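*Asks:* Sequence first, then the predicted structure, then my questions.
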Amino acid sequence: MNQTQTRHFLALTDLSSGELKGLIKRAIELKASQRRGEIHETLKNRTLGMIFDKSSTRTRISFETGMTQLGGHALFLSPRDTQLGRGEPIEDSARVMSSMVDIIMIRTFDHEKVEHFAQYSTAPVINALTDLLHPCQLLADMQTYFEHRGDIRGKTVTWVGDGNNMCHSYMNAAIRFGFKLNIACPEGYDPDTTILDTAGDSAEIIRDPMAAADGTDLVVTDVWASMGQEEEQALREKAFAGYQVNDALMANADKDALFMHCLPAHRGEEVSASVIDRKDSVVWDEAENRLHSQKALLEFLLLN
């Protein structure tokens, strides 16, 4: 079974507010250091095992590059390449893999799979996305806000769209970073009630996106149909028709409000091209910061 001292990162709430703030600070330092061309091989000779049940662009590039920049090595493992894809019990794979690599990253569908794997892993396990949560993206998002606007505590964030894994992680972020989250989603696409209840006064569903965005400091959205929901595309386009982040909605936000999207984006659906390409859109910094915030996370779990 899992050693008690092993720290995992399956949800944002696995870390305290202080730990998360320190991690963001370290991510900003690592980014500046990388820009100066400095070499930080803090994870020299360490190996990251990367299990991908879901395909990815940003997740694979950021973790693989991050380990290289820190002097370590990353192994890409798809279901086609491992015994997990042939039905080996998760606990058996966890025991074997964690005896050979130093840290493990999993991107999959079922959140319980990541929890089950972590239970039997003697190496730290990182949730690189499940259908329930996407905590690594929130590290990048928070780093991006801190870089552009300073501390997010006391601010208001508006989520527009599906009550999905990103929405759930934003609720966890509201708890840990001390901001208010307005959730604008159509009926039938609400976030998980347990996570919403846990957020308490930190999160609130406001059906009207214009009302939810009123005076807000940050507007965030995601695609209407996530990976695995493609067959629902037509149904979702109808349900989310009034939930596009466009110039009118951004005009209702605070004058210094930022726009974020975890990407890939569907211009003309959940966000207009004019919004994603405007100067207060920080989606490209947000994407790059996956690299730096995850480097800080890798250091935290392996060296802290």
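*Replies:* Received the coordinates, thanks.
*Asks:* which residues touch F300?
*Replies:* F300 sits next to 7, 15, 19, 22-23, 26 when contact means C-beta atoms under 8 Å, 6 or more residues apart in numbering. All C-beta atoms are positioned from the backbone trio N, CA, C, and that covers glycine.
*Asks:* Report the secondary structure state of it.
*Replies:* helix (DSSP: H, G, I helix; E, B strand; the rest coil).
*Asks:* Please apply the same query to E204.
*Replies:* strand.
*Asks:* how about it, what does it touch?
*Replies:* E204 neighbours (C-beta under 8 Å, 6+ apart): 180-183.
*Asks:* one step back: narrow the contacts of F300 to those that are buried.
*Replies:* With burial judged by 16 or more other C-beta atoms under 10 Å, the buried subset of those is 15, 23, 26.
*Asks:* surely the first one meets F9?
*Replies:* Yes: with contacts defined as C-beta atoms under 8 Å, L15 counts as touching F9 at a distance of 7.0 Å.
*Asks:* if we can go back for a sec, which of the contacts of E204 sits closest to D247?
*Replies:* N182 (19.0 Å; C-beta to C-beta).
*Asks:* Return the residues in contact with that closest one.
*Replies:* So N182 contacts 156-159, 203-204, 206, 212-213, 216 (C-beta under 8 Å, 6+ apart).
*Asks:* I'd like those residues written out as CSV, with distance to F146 added.
*Replies:* As requested, the contacts of N182 are exported to CSV (distance: C-beta to C-beta, whole Å):
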residue, distance to F146
T156, 16
V157, 13
T158, 18
W159, 19
A203, 20
E204, 24
I206, 25
A212, 23
A213, 21
T216, 17
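*Asks:* So which of the residues you listed belong to helices?
*Replies:* A212 (DSSP state H).
*Asks:* ok, of the contacts of N182, which come out buried?
*Replies:* 156-159, 203, 206, 212-213, 216.
*Asks:* Determine which two of those residues are furthest apart.
*Replies:* Top of the distance list for the buried ones among the contacts of N182 (C-beta to C-beta): A203 and A213, 15.2 Å.
*Asks:* thinking again about what came up before, tell me the one among the contacts of F300 nearest to A265.
*Replies:* Closest to A265, out of all of these and judged by C-beta to C-beta, is L23, at 26.1 Å.
*Asks:* Now the residue nearest in space to the middle of the chain: which helix or strand?
*Replies:* By C-alpha atoms, centre = their mean, the chain has its centre lying nearest to Q137, at 2.1 Å. In the assignment (DSSP states H and E), Q137 maps to helix 135-149.
*Asks:* Now do that helix: which elements does it pack against?
*Replies:* helix 17-35, strand 125-127, helix 165-177, strand 258-261, helix 283-303 (3 or more C-beta pairs under 8 Å, 6 or more residues apart in numbering; DSSP states H and E).
*Asks:* would you list the contacts of F300 in JSON lines and tack on pLDDT?
*Replies:* Listed next are the contacts of F300 as JSON lines, based on pLDDT from 0 to 100:
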{"residue": "R7", "pLDDT": "98"}
{"residue": "L15", "pLDDT": "98"}
{"residue": "E19", "pLDDT": "98"}
{"residue": "G22", "pLDDT": "98"}
{"residue": "L23", "pLDDT": "98"}
{"residue": "R26", "pLDDT": "98"}
